[in-house]
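Student: requesting a structural model of the entry that follows:
(2 chains)
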Amino acid sequence: MLDLHGLTIGADGTTLVRDLSLSVPATGITALIGPSGCGKSSVLKWLAGILPKGLQAEGQVMLDGQAIARPCPAISYQPQSDALFPWLTVAQNAALGLQIRGLSRAEALKRVAPLFRSFGLEGTEGQFPDQLSGGMRQRAAFLRTVVHDSRYVLLDEPFSALDAVTRLRMQDWLVARLADRPRGVLMVTHDLHEATGLANRILVMAGSPGRIVAEIPMPLSHTLRSEAALALLRDKLKSLLLENAP
Amino acid sequence: MLPRILPPLLLAASLLAGWEIYCRLADVAPLILPAPSGVLQALVSNRADIGAHALSTIAVVALGFSLSVGFAFLVSIMLHFLPWAKKGLMPLFVASQTVPLVALAPLMILWFGFGLLPKVLLVILVTFFPMLLSLLSGYQQTPTDFTDLLASMGARRFSVFRHAVLPSARPSFFAGLRISATYAIVATIFAEYAGARRGLGIYILAAKNNFHADLVLAAVVVSAGLTLALLGAIRLLDRLTARGPKARYA
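Tutor: Purely as a prediction, here's the structure:
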């Protein structure tokens, strides 16, 4: 379990996030939703150990009950864009994290090579990111994120730049990949359909300052959720967001 | 390739034709304004002499420009990692650009003689700053998502620089290289003009003093050719080192 306790983020006398606590289970997707500017991405960045300059933060992160410093190899982060480096091939991009963590380029490439098939990227190893479709780029980015056996994955609006059809495909693909390679995922999203369709648990944030106002567990597995039940849940989430709007 | 070079070639040919026709119809004295055919004739007749002087200019440009690019690269890395040094040094670098070459070139000759050193120093002085600015501006254009991603992987500052910042500065680097290359040729010729034993600058001065306008213009043609050749070499280097289908060329 990844636990965040008492996070307060501020800048120049204003408080962006106040005394926020949340937990991410070792498996399944926890969705973090909330209005723009409520501090969702800042929470994610702070967990990843990359809070932007000018922001100050206080709080503690516990991994299985032990306080940890970040960046931490147990936690991977994927920013809003796929952040694939255009000057590296897809394989080199996927291997980048392993290189940063000390493997030689050859060893890192060897380690990622067998994964391309299961990520639907076979044959793209030597291509550059600009030669891939939006969905393939996201898969390549996700491969880079999960390749180094981190137990928790932080995804910042991973599908927001994709068209509707590709987004639906990628959501199904993410659920299937997490079934193969279980991870604890904390995903920031604006999309209520995405949150209700994918998450095992939804955390609702309100702004000014950012705080969690509701935690909604999703009792059924993804395949058993009926559209009627999801529509009701989306209405509930919408009401919560509107009630807590500034 | 052809559609790209055709418009400037046609324009240049039209201008030269107009110049030639004017000189012939107005019967302009070659001492004042030689026709392009006269300039070409002077260039061919004096090719050995002009070629020897051009070689000397090429040597100064090659040495001065290489040193300048290398120096700018090292200083840019230092300033990137040491913001306080950037704050302290940038005003000095800016001030160095305000010193008129016409004042500095004779002083350099006075201090360092007629050899290679003063000319190389002038080339460095003129080309270093645009190169430095291009590199620093390129470093700042690194997408935040790239640096965040590497930092979240535990990359140290130099690793972030090597994997994300430096490659992101590539288009700016080549843009700066192109601008500085043109400055390098002009600065070398000016330094030679101020005082030298060999070089296109001193050749132009001697030709002017002897009222050989055709030789002055012949040397100008050679210097323009050198600039175009240097820009072509930079473009080739850019293409050879580019990675990815959408890599931008200078």
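
Student: rest of the way, CA atoms for contacts and neighbours
Tutor: OK.

Student: what residue is smack in the middle of the chain?
Tutor: I went with chain A, as the question did not name one. A:Leu155 (1.4 Å; CA atoms, centre = their mean).

Student: hmm, I had chain B in mind actually
Tutor: Centre-nearest of chain B using CA atoms, centre = their mean is B:Ala181, 2.0 Å out.

Student: just the pLDDT for B:Met108.
Tutor: B:Met108 is assigned a predicted lDDT (pLDDT) of 89.

Student: let me fix that: A:Leu4
Tutor: 93.

Student: now swap in the one 10 residues further on and tell me
Tutor: A:Thr14 is assigned a predicted lDDT (pLDDT) of 88.

Student: tell me which residues of stretch A:221-241 come out buried.
Tutor: A:230, A:233-234, A:237, A:240-241 (16 or more other CA atoms under 10 Å in any protein chain shown).

Student: need the pLDDT of residue 157.
Tutor: No chain specified, so I'll use chain A. Reported pLDDT for A:Glu157: 89.

Student: if you could check chain B rather than the one you did, that'd help
Tutor: 92.

Student: so what's the residue count around it?
Tutor: Per other CA atoms under 10 Å in any protein chain shown, the neighbour tally for B:Arg157 reads 13.

Student: distance check, it against B:Leu79.
Tutor: Counting by CA to CA, to the nearest Å, the separation of B:Arg157 from B:Leu79 is 14 Å.

Student: likewise for A:Arg117?
Tutor: Taken as CA to CA, the span from A:Arg117 to B:Leu79 is 44 Å.

Student: so A:Leu155 sits in a strand?
Tutor: Yes: under DSSP: H, G, I helix; E, B strand; the rest coil, A:Leu155 falls within a strand.

Student: can you tell me how far the closest residue to it other than its chain neighbours sits from A:Thr30?
Tutor: Computed as CA to CA, 6 or more residues apart in numbering or on different chains, the closest residue to A:Leu155 that is not its neighbour in sequence is A:Met187, at 4.6 Å. Using CA to CA, A:Met187 is found at 6 Å from A:Thr30.

Student: on that earlier part again, now the helix or strand containing the residue nearest to the centre of chain B: average pLDDT?
Tutor: Assigned by DSSP states H and E, B:Ala181 falls within helix B:170-194. Taken as a whole, helix B:170-194 has a mean pLDDT of 94.

Student: okay, the residue lying closest to A:Leu192 once chain neighbours are set aside: pLDDT?
Tutor: Setting aside the residues directly before and after it, A:Leu192 is nearest to A:Arg234 in space (CA to CA, 6+ apart), at 6.2 Å. Here the pLDDT value assigned to A:Arg234 is 88.

Student: just checking, A:Arg234 touches A:Gly197?
Tutor: No: under the criterion of CA atoms under 8 Å, A:Arg234 makes no contact with A:Gly197, lying 10.0 Å away.

Student: skip ahead from the lengthiest helix in chain B and say which helix or strand is next.
Tutor: Counting residues, the longest helix found in chain B (DSSP state H) is helix B:47-81. Moving toward the C-terminus from helix B:47-81, the next helix or strand (DSSP H and E) is helix B:83-96.

Student: tell me which other helices or strands that next one touches.
Tutor: helix B:47-81, helix B:116-140 (3 or more CA pairs under 8 Å, 6 or more residues apart in numbering or on different chains; DSSP states H and E).

Student: in which helix or strand does the residue nearest to A:Leu192 reside?
Tutor: Following DSSP H and E, one finds A:Arg234 within helix A:227-243.

Student: next one: A:Trp87
Tutor: Here A:Trp87 is assigned to no helix or strand, by DSSP H and E.
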